[in-house]
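Trainee: Requesting a structural model of the entry that follows:
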Amino acid sequence: MKTENKAWALLREHAAAQIAPGFPERVLQAARAAASPLFIAHFAMCAATAVACLAAVALYHARISGDEDTQSIAGWGEIASQASDFEQGL
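Mentor: Numbering: from 1, shown residues only. Below is the predicted model:
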């Protein structure tokens with residue numbers, strides 16, 4: 001066995017010694033239990049927060065994109081005007 005593998009094995013053994021007896025079984029049993037009202041409320045709050053964040057990003061993006069579009073169109077209008085003036089000068 002490599003030295004690195006031995007070190008990991010020692011760390012695993014040390015970590016396993018720190019866990020209280022029956023802890024993994026209790027965790028798995030709790031995870032398999034039906035969803036509690038607290039879990040459902042927490043999930044609903046997370047979903048509402050995600051929707052609010054997405055709405056804020058969409059509104060911000062729409063506002064910024066509109067400003068960029070206006071500037072871009074004005075810039076291209078200036079370029080077209082200069083090109084037209086240049087063609088008339090020839």
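Trainee: any idea which helix or strand carries the residue nearest the centre of the chain?
Mentor: Centroid check for the chain by CA atoms, centre = their mean gives A50 as the closest residue, at 9.8 Å. Element membership of A50 [criterion: DSSP states H and E] is helix 37-89.
Trainee: who does that helix touch, helix- and strand-wise?
Mentor: Using 3 or more CB pairs under 8 Å, 6 or more residues apart in numbering; DSSP states H and E as the contact test, no helix or strand touches helix 37-89. The way it works is simple: take the backbone N, C-alpha and C, and place the C-beta from them, glycine included.
Trainee: Can you report the mean pLDDT over the residues of it?
Mentor: Helix 37-89 shows a mean pLDDT of 87 in the predicted model.
Trainee: care to break this structure down by domain?
Mentor: Domains of the chain are assigned by automatic domain parsing as 1-33, 36-90.
Trainee: What's the local residue count around A7?
Mentor: 10 (other CB atoms under 10 Å).
Trainee: ugh, typo on my part, it should be Q71
Mentor: Q71, neighbours per other CB under 10 Å, totals 10.
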